[in-house]
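# generate coordinates for the sequence data below:
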Amino acid sequence: METYLNQNFGDVKSKNSTDESLQRWRKLCGFVKNPKRRFRFTANLSKRYEAQAMRRTNQEKLRVAVLVSKAALQFIHGITPSGEYTVPGEVKAAGFEICADELGSIVEGHDVKKLKIHGGVEGLANKLSTSTTTGLTTSADLLKCRQNIYGINKFTESQLRSFWVFVWEALQDMTLIILAVCAFVSLIVGIIMEGWPKGAHDGLGIVASIMLVVFVTATSDYRQSLQFRDLDNEKKKITVQVTRDGYRQKLSIYDLLPGDIVHLAIGDQVPADGLFISGFSLLINESSLTGESEPVEVTADNPFLLSGTKVQDGSCKMLVTTVGMRTQWGKLMATLSEGGDDETPLQVKLNGVATIIGKIGLFFAVVTFAVLVQGLLAHKLKEGNYWSWSGDDALEMLEYFAVAVTIVVVAVPEGLPLAVTLSLAFAMKKMMNDKALVRHLAACETMGSATSICSDKTGTLTTNHMSVVKACICGNTKEVGNSEEASKLCSGIPDAAVKILLQSIFTNTGGDVVVNKDGKLEILGTPTETALLEFGLSLGGNFQGERQTSKVIKVEPFNSAKKRMGVVLELPEGGLRAHCKGASEIILAACDRVINANGEVVPLNEASINHLKDTIEQFASEALRTLCLAYMEMGSDFSDKDPIPVTGYTCIAIVGIKDPVRPGVKESVAICRSAGITVRMVTGDNINTAKAIARECGILTDGGIAIEGPEFREKSQEELCKIIPKIQVMARSSPMDKHTLVKHLRTNFNEVVAVTGDGTNDAPALHEADIGLAMGIAGTEVAKESADVIILDDNFSTIVTVAKWGRSVYINIQKFVQFQLTVNVVALLVNFFSACLTGNAPLTAVQLLWVNMIMDTLGALALATEPPNDDLMKRSPVGRKGNFISNVMWRNILGQSLYQFLIICYLQAEGKALFHLEGPDSDLILNTLIFNSFVFCQVFNEISSREMEKINVFKDISKNYVFVAVISCTLLFQIVIVEFLGTFANTSPLTLSQWFFCILIGFFGMPIAAIIKMLPVGSN
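Below is the predicted model:
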């Protein structure tokens, strides 16, 4: 079976599956009882094709708009624009001078001419009653008025379907429809033959069973849809930096309005259509909107920013002009939201299992019906009334047909693929509470197979609460952990050196120091920038004063490929000065001079270089992050189009930044090791810092290799194959090094790899990995969008929790499959052999429908929602090659099926003698005993299925309230069906001794299961 599944249903991967593979498995599912329900949680490919067509249209529109705007630019210069625009009355009454449609046409159409007519960006800001410096005024009435005129920044979503829609979809089941028709015919014939109400009992019994199945199924599906909606809402929580009332603050993108001033940095998503106000080196990736991969440079001459695009490089301040469904991104997202998530490999495989068993079930159902009809015809032929048919004969024929249809109901395990969805929905909801947001369903089950985790250091293994604790300035190394030590440092070095240091810290930064609403200073920026700015303030620096003194000519923002950041300033006394900072070894290599103890600039000699290198190594060996700050005087011939020089700098200082290891990381790494998961640290930091932290975390062991990115890049394929299994730390790595490592682990070593990332440049590695894990706090929107799971607290321990939940999902689905296939096998064989040997089926249509509900919806609820336990992390990972239906499962299925089948056959053959049953009701009582014993076999088998290999199946059973509730409800309903609903369910009340016997038969399945578990089986 596994070979067949891999050949026909194995094309679908955990991520990045082709549309062809998604189409192929759907075509292979030939026998589906209820397509609407079976394919509910699969991708809507037609909507995806529609979205692709929209992207192509957008690309063509933008191409034309850019050409038109370039042509318009040539004619606009020197021409006084004439104002043709008329402001609509309602817009004017609200206090604005431009309507939403006009704003939309300017940005979406890249209309330079219209922009100039309205007075450029400043003119538009005035017409929107906003300020490009202080932003909107946050009066509730004014914001509401703005919303009414310009709309809100949300796209249209499909309405949450009501419970009755799920009831209607559950009724679409082909076999239930056929049974309903049978019930209707049975009602008509029964009432004609035996009158009301006696003749209606059989028909009403089937109708009641159908309604029970439908309502239980619909309730389960409706709850799942609510869980997925909650998770979708969590995925959309994106915040941006906005200036309102003159203060910088974080705001949800859904609260943005035209007139808002938004601050964007590398890795951010543009949250609405808008216009560039100011910024540096801004490159925008428009591929998500247009499919065009070439980045677009946005400047004051080309100021148009489109919603949904990504900041690839640089930073800027933008004016929001158009929001929500008025943007192309809003329309595209409305279409994409209906496209759904890709189906997971397990869903597809279990669809394959359901298809195979469905075909087998259909064959058995046809043969069973043929045997039962042949028996009836043979009986009539024997009695000589072959051509004489009564109403009773018709009812009997109808009952045979209903039994055959119900065998199909039981045989087709429609619940298998839906159990995956149920288990994943349950796990995703629980993981949300554990600070992990799953973006793609498949990541849950794939994480359970993970064999390798490539983790960042900063913020994942460490706390990301950084502070400068040591500094080497003018040749002196000092502790600067508090303000007192910092002031001592100031008094010990020349004023000129302090001045140039503060200029470097406050101007060459991606952070900001602002006054918040409480009137207190607040530092904004990455943890590294925040630590440096705090250090600058502790030295007595004035951030705003320093920024206003010099004019910024050019900025090259930090990125992990260059490992440096640069800025060029125009000084008040004239002349230009460049500042750069970054990885100590890289910046130091770019320096040829240094500031000495007297504050003089002197050439770097060998002794000075060795001293600085020793300082870097000393800081790194103490697990400190090291940064080097440098500057150079430049000629006046520099243009903002030129790149900032990379050599010829003067070293100002080397700082050591402390970033403590997170509590619990060492224990989490040890858990991973015991679970067979290799943890590797991949960081951009100095190798000595990385090794010190890795040892503290327990990642770097005696036999492990620590390597630097540049050295890794130089290795041949043969050398890489030798060293990659031993690599535990990769320092000074570029994003492409991480991508290369992941690719080798996946392709050459067949590892299932999870990778963490937070920066824009991590997107390729996150995309390449089996499971991409983005950081929720430090991660950029680009990284989050490329990831499968977002670690909301940036904590490595949470990654281990995700792995545990992944294993739990995988094992839970295996348990449910084992349980359901056992019921399938027994129900099929019992009714088939009974029909063949005795000419009648012991389990009626109503009884089989009840059994189907026990094994389908209720079974999935009980077994697929089992919470994880610590023992899961003491077993080896499944990896890429593991069979889903394992040898252990086949052993348990066949062993338990054989026991149940033999017991039921024995009862059918010897039951009357065993229980001394005589009289007209003996057949009814015997069939009730068989039905009751069969159900109790399933109840106790469900308990045995909690563990596939362990004998003790009662461990922590009381903690799983869902399981206990399902078992209790099953037992309660079984008592009601047997004792009180005999007329409808074809059962007869049983004596206490008979009840005890049925329970004992079911209970004996547990020691049998325990004995079966002791039988050794080969590997998968």
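# for the protein, which helix is longest?
helix 796-838 (DSSP state H).
# from the chain's centre, how far out does that one sit?
25 Å (C-alpha atoms, centre = their mean, to the nearest Å).
# for stretch 205-214, same thing?
37 Å.
# equivalent analysis for stretch 153-164, please.
The answer for stretch 153-164 is 21 Å, by C-alpha atoms, centre = their mean.
# do the same with stretch 152-163
Offset of stretch 152-163 from its chain centre (C-alpha atoms, centre = their mean): 20 Å.
# quick check: the gap between Val830 and Ile356.
20 Å (C-beta to C-beta, to the nearest Å). Just so you know, the C-beta spots here come from the backbone N, C-alpha and C atoms, and that holds for glycine as well.
# more crowded one of those two?
For Val830 versus Ile356, neighbours defined as other C-beta atoms under 10 Å are more numerous around Val830 (22 against 17).
# now that one: closest residue in space, sequence neighbours ignored.
Ile904 (5.0 Å; C-beta to C-beta, 6 or more residues apart in numbering).
# go on, Asn761?
Pro735 is the one closest to Asn761 (C-beta to C-beta, 6+ apart), at 3.7 Å.
# residues contacting that neighbour?
Pro735 makes contacts with 560-561, 759, 761-762, 764-765, as judged by C-beta atoms under 8 Å, 6 or more residues apart in numbering.
# quick check, pLDDT for the one residue sitting closest to the centre of the chain.
Closest to where the C-alpha atoms of the chain average out (C-alpha atoms, centre = their mean) is Arg439, at 2.0 Å. The model reports Arg439 with a pLDDT of 83.
# cool, the one 10 residues further on as well?
Model confidence at Ser449, given as pLDDT, is 86.
# that one in helix, strand or coil?
Here Ser449 is recorded as coil under DSSP: H, G, I helix; E, B strand; the rest coil.
# farthest from the middle of the protein: give me that residue.
Gly384 (69.0 Å).
# what segments of the stretch 501-650 of the chain are helices?
527-538, 543-549, 584-589, 606-621 (DSSP state H, counting those that start in this stretch).
# hmm, who's touching the last one?
Contacts with helix 606-621, where a contact means C-beta under 8 Å, 6+ apart, come from 470, 472, 475, 477, 584-585, 588, 594, 602, 626, 628, 651, 654, 656, 685-689, 692.
# list the buried residues in it.
608, 611-612, 615-620 (16 or more other C-beta atoms under 10 Å).
# go on, stretch 172-180?
173-176, 178-180.
# which one of those residues sits closest to Arg875?
Asp173 (37.9 Å; C-beta to C-beta).
# gap between the closest one and Ser225?
Taking C-beta to C-beta, one finds Asp173 at 18 Å from Ser225.
# distance check, the residue nearest to Asn761 against Ser550.
32 Å.
# Glu667 too?
With C-beta to C-beta as the criterion, Glu667 and Ser550 are 49 Å apart.
# more neighbours: these two, which one.
Neighbours were counted for Glu667 and for Ser550 using other C-beta under 10 Å; Ser550 has more, 19 against 13.
# and the contacts of Pro735, which are buried?
Buried among those by 16+ other C-beta under 10 Å: 560, 759, 761-762, 764-765.
# so which residues make contact with stretch 981-996?
Here stretch 981-996 has contacts from 201-202, 204-205, 208-209, 844, 846-847, 850, 915, 921, 924-925, 927-929, 931-932, 977-979, 998, using C-beta under 8 Å, 6+ apart.
# quick one: terminal-to-terminal distance for it?
20 Å (C-alpha to C-alpha, to the nearest Å).
# mind listing what's buried along that stretch?
981-982, 984-988, 990, 994-995.
# what's the answer for stretch 94-102, then?
Residues of stretch 94-102 classed as buried: 96-100, 102 (neighbour count, 16+ other C-beta under 10 Å).
# keep only those of those residues that are in helices.
Short answer: the buried residues of stretch 94-102 in helices (DSSP H) are 100, 102.
# looking at the buried residues of stretch 94-102, which is nearest Phe369?
Ala100 (65.5 Å).
# not counting sequence-adjacent ones, nearest residue to that closest one?
Tyr150 (4.8 Å).
# what about that neighbour, how many neighbours?
26.
# wouldn't it be in contact with Ala272 here?
No. In this structure Tyr150 lies outside contact range of Ala272 using C-beta atoms under 8 Å: 10.3 Å.
# flag the shaky bits of the stretch 751-900 of the chain, pLDDT-wise.
Residues of the stretch 751-900 of the chain that meet the criterion pLDDT under 70 lie in 839-841, 881-882.
# where do the helices of it begin and end?
Counting by DSSP H, counting those that start in this stretch, the helices of the stretch 751-900 of the chain are 763-768, 781-786, 796-838, 845-853, 859-863, 887-915.
# now the fifth one, how far from the centre of its chain.
In other words, helix 859-863. The answer for helix 859-863 is 23 Å, by C-alpha atoms, centre = their mean.
# for Val646, give its distance to Glu529.
The value you get for Val646 to Glu529, if C-beta to C-beta is used, is 21 Å.
# more crowded one of the two?
Shown here are Val646 and Glu529; by other C-beta under 10 Å, Glu529 has more neighbours (21 against 14).
# spatially nearest residue to that one (excluding sequence neighbours)?
Gly511 is the one closest to Glu529 (C-beta to C-beta, 6+ apart), at 3.5 Å.
# OK, contacts around the one you found?
For Gly511, the contact set (C-beta under 8 Å, 6+ apart) comprises 523-526, 529-530, 532-533.
# could you do Val825 as well?
Val825 makes contacts with 893, 897, 901, as judged by C-beta under 8 Å, 6+ apart.
# distance of the first one from Thr368?
For Ile893, the distance to Thr368 equals 22 Å [C-beta to C-beta].
# my read: Gln900 touches Thr822, true?
Yes. Between Gln900 and Thr822 there is a contact under C-beta under 8 Å: 7.4 Å.
# mutual contacts of those two, please.
Asn941.
# what angle do helix 845-853 and the longest helix of the chain make with each other?
Counting by axes from the mean of the first three to the mean of the last three C-alpha atoms, to 10 degrees, helix 796-838 lies at 160 degrees to helix 845-853.
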